[in-house]
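Engineer: Could you work out the structure for the sequence below:
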Amino acid sequence: MRALGATDVLDPADGDVVEQIRDLTGGRGVDVAFEAAAAAAAVRAAFDATRRGGVVVPLGMVDRGVTVDLPVNDLAMRGREIRSCQYGNVDIRRDLPRFARVLEAGLLDPAAMVDRTFPLADAGKALGAAADRELITAVLLPQT
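Structural biologist: Below you'll find the predicted structure:
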C-alpha cells in the first residue's frame, strides 16, 4: 500500500486498529477512512477511527440486509459523514480519458489494482469469481 501512496499501513494482527490509528494521530483520528473488508464491523471501525468532521467511505460489498449501528450523536453533532464511492463515482466520459493519461504517463501502476485477467470468452467466470469474493478486480482481455 505504501507503493500506492499510503503514509502508514496498519495490521489488525498487531492489535485494535482504531487504537493504532488514535496512537498515530495523537488521539485525533483520521480525516478519511476507507473500508474495504466487506464486513459491518470494519465499517464501524472505520467510523470510530475518523476525527470530528471525518469521512467514512465504505467500499466493501456485503450481502444485502447487512446493517451497521452507528452513534447518532457522532453523525449529528460531530459532523462525521458517510459517502458512497462504488467504482470511484466516476463520470466515464470525463474521468476515463484522465485515467488513461495517468496510466500512459506512468504515474500509476495498473498491476497493483488488478487481481486477475480473463479472456473475454470467460467473462462469466470473472463475474462468478467477483461474486464469490475470490477477487476484487478482474480485467477482460479482448480476443485476438
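
Engineer: Now stretch 42-52: buried residues?
Structural biologist: By neighbour count, with 16 or more other Cβ atoms under 10 Å as the criterion, the buried positions of stretch 42-52 are 42-51. All C-beta spots, glycine's among them, are computed from the backbone N, C-alpha and C.

Engineer: which one of those is nearest K125?
Structural biologist: Relative to K125, the closest of these is A42; by Cβ to Cβ it sits at 27.6 Å.

Engineer: Report the contact partners of that closest one.
Structural biologist: 35-36, 60 (Cβ atoms under 8 Å, 6 or more residues apart in numbering).

Engineer: quick check, nearest of those residues to R83?
Structural biologist: Distance from R83 was checked for each of the contacts of A42 by Cβ to Cβ. The minimum falls on E35, at 11.3 Å.

Engineer: Phi, psi for the residue nearest to G29 when sequence neighbours are not counted please.
Structural biologist: Counting by Cβ to Cβ, 6 or more residues apart in numbering, the nearest residue to G29 once its immediate chain neighbours are dropped is R51, at 3.6 Å. Phi and psi for R51, reported as degrees, to the nearest 10, are phi -80, psi 170.
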